[in-house]
Every structure is written in structure tokens, then in C-alpha cells.
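> Please find the sequence and the predicted model below.
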Amino acid sequence: MLAINYSQFRENMKSNMDLITDDCETIIVTRKQNRNIVMISESAYNNLLENLHLMREPANYEWLLESKRQLESGNFEQHELIEVPDE
């Protein structure tokens, strides 16, 4: 996570936005009176929203935790993928 002031961000806007999208960097743009903003890529934002949605519902969250426990304890099966020809 990087923190830069508004003027520095504006002077290097393209390279800063490239850092955000290409390197999955989060940038905090600092402003006067602590009116800061956080910039993340659209894909990171969408991922965040999806995770919030999944974790908001207690049943979904518990299902995910149980799946994680099963995986960590070795309680899983691994299968080869089956290639399906184009129709």
C-alpha cells in the first residue's frame, strides 16, 4: 500500500494508475483535513464486494469455513479434468 499526496498523484497519474491495475497496488491519496481516498483496481473492488456478499450471510460464511477445515485436514478428493470437445 502506497500513500502519496494529491499533487504527486496528479503529476504521475498514468504511472500511478498502472501500478494500481498492473501490480494490484493500493494507493491512498492524501488530502488536506484528512479527506483521503483509497484507490484500487476495478477487479480488486469487484473481488471485495463478492467477498463481502459471501461473508454477510452467516450460512455462506460457515460453509466456506467448513470447506477450508476439510481441505486443511486432508479431507478432499482430487480428480482429473475431463476435456469436452467443442460442439
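Sure, I can see it.

> Assign E77 to helix, strand or coil.
With DSSP: H, G, I helix; E, B strand; the rest coil as the basis, E77 sits in coil.

> tell me the pLDDT at it?
Listed pLDDT for E77 reads 91.

> Would you mind measuring from it to S67?
Between E77 and S67 the computed distance is 13 Å (Cβ to Cβ, to the nearest Å). C-beta here means a position set from N, CA and C on the backbone, and glycine is covered the same way.

> Any idea how far apart the tips of stretch 8-24 sit?
19 Å (Cα to Cα, to the nearest Å).

> Look at I28 and give its secondary structure.
Assigned with three-state DSSP, I28 falls in the strand class.

> what number of residues lie near it?
Using other Cβ atoms under 10 Å, I28 has 15 neighbouring residues.

> now swap in the one 10 residues further on and tell me
Taking other Cβ under 10 Å as the criterion, the count of residues near V38 is 10.

> swap in F9?
By other Cβ under 10 Å, 19 other residues sit near F9.

> E77 and S67: which is more packed in?
Shown here are E77 and S67; by other Cβ under 10 Å, S67 has more neighbours (12 against 4).

> quick one, phi/psi of the more buried one?
Per-residue torsions, S67: phi -60, psi -40 (degrees, to the nearest 10).

> Also the one 5 residues further on?
Here is the backbone geometry of E72 (degrees, to the nearest 10): phi -70, psi -30.

> That one and A59, how far apart?
Distance, E72 to A59, by Cβ to Cβ: 21 Å.
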